[in-house]
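1. fold the following for me, if possible:
(2 chains)
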Amino acid sequence: SQQGEEDPQALSIQEGENATMNCSYKTSINNLQWYRQNSGRGLVHLILIRSNEREKHSGRLRVTLDTSKKSSSLLITASRAADTASYFCATGLRHSGAGSYQLTFGKGTKLSVIP
Amino acid sequence: DSGVTQTPKHLITATGQRVTLRCSPRSGDLSVYWYQQSLDQGLQFLIQYYNGEERAKGNILERFSAQQFPDLHSELNLSSLELGDSALYFCASSVDGRSSYNSPLHFGNGTRLTVT
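-> Coordinates of the predicted model:
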């Protein structure tokens, strides 16, 4: 079952513009992660934000987390054509004991950056 | 390169057959996760192993099974294949220790399974 739901499902912007993708989830989490997937390839981890953090930056990426609203956003600034990909949020929940950790993905946002 | 190796890259087989997908995790990672990605269902968690033991189960069909071997590589076995099993199957690994659960997953490039 899906935990995270990304919005929008698809986004098309011009190169140089900012892209914002949102993620909502339903249950408690230990962390929320964002991944990127180029067509037909494996997912690549972008950024992880823990449940006690509100904002995190990595290069041109900014992630926010609002646990009271159970939502997160990913902002890509000054987008480039190479940013064209699908972006997934994933909620991480640890159960008791080592190795008991589950990461549940949303269906993703397909971002197209037009040169 | 994520360090996670999946073989084969492509697999074409007929309905009713059985296939085995193989995954070698990143060096040092103890956990292996299997995911199925299809167009209509998105990325579905199938099963997780940690240091040889099953730790979590998701939407895995009874026709599917997996194991993690002492050298930490893992295999996903799919049997009595149906057309609907056609999908990308990803393996991912993470350190996932008792104090390192806030760690990302590292994905392989997947095995594309086509059932005809």
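
2. do you know how far the residue most central in space within chain B is from chain A?
-> For chain B, the residue nearest the mean C-alpha position is B:Trp34 (2.8 Å; Cα atoms, centre = their mean). B:Trp34 sits 12 Å away from chain A, going by Cβ to the nearest Cβ, to the nearest Å. Heads up, the C-betas are built off the backbone N, CA and C, glycines and all.

3. packing partners for the host helix or strand of that residue?
-> Using DSSP states H and E, B:Trp34 sits within strand B:31-38. Here strand B:31-38 touches strand A:101-105, strand B:42-50, strand B:74-78, strand B:87-94, going by 3 or more Cβ pairs under 8 Å, 6 or more residues apart in numbering or on different chains; DSSP states H and E.

4. want to throw these into a markdown table with distance to A:Gly92 and mean neighbour count?
-> Formatted as a markdown table, those follow (distance: least, Cβ to Cβ, whole Å; neighbours: other Cβ atoms under 10 Å in any protein chain shown):
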| stretch | distance to A:Gly92 | mean neighbour count |
| --- | --- | --- |
| strand A:101-105 | 5 | 23 |
| strand B:42-50 | 12 | 22 |
| strand B:74-78 | 20 | 20 |
| strand B:87-94 | 10 | 25 |
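
5. would JSON lines of these with mean pLDDT and distance to A:Pro115 be doable?
-> Shown next, in JSON lines, are the helices and strands packed on strand B:31-38 (pLDDT from 0 to 100; distance: least, Cβ to Cβ, whole Å):
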{"stretch": "strand A:101-105", "mean pLDDT": "83", "distance to A:Pro115": "29"}
{"stretch": "strand B:42-50", "mean pLDDT": "90", "distance to A:Pro115": "28"}
{"stretch": "strand B:74-78", "mean pLDDT": "98", "distance to A:Pro115": "39"}
{"stretch": "strand B:87-94", "mean pLDDT": "95", "distance to A:Pro115": "28"}
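
6. in the sheet, who's paired with whichever residue of chain B sits closest to chain A?
-> Distances between chain B and chain A by Cβ to the nearest Cβ are smallest at B:Tyr50, namely 2.7 Å. B:Tyr50 has these beta-bridge partners by DSSP bridges: B:Ser31, B:Glu53.
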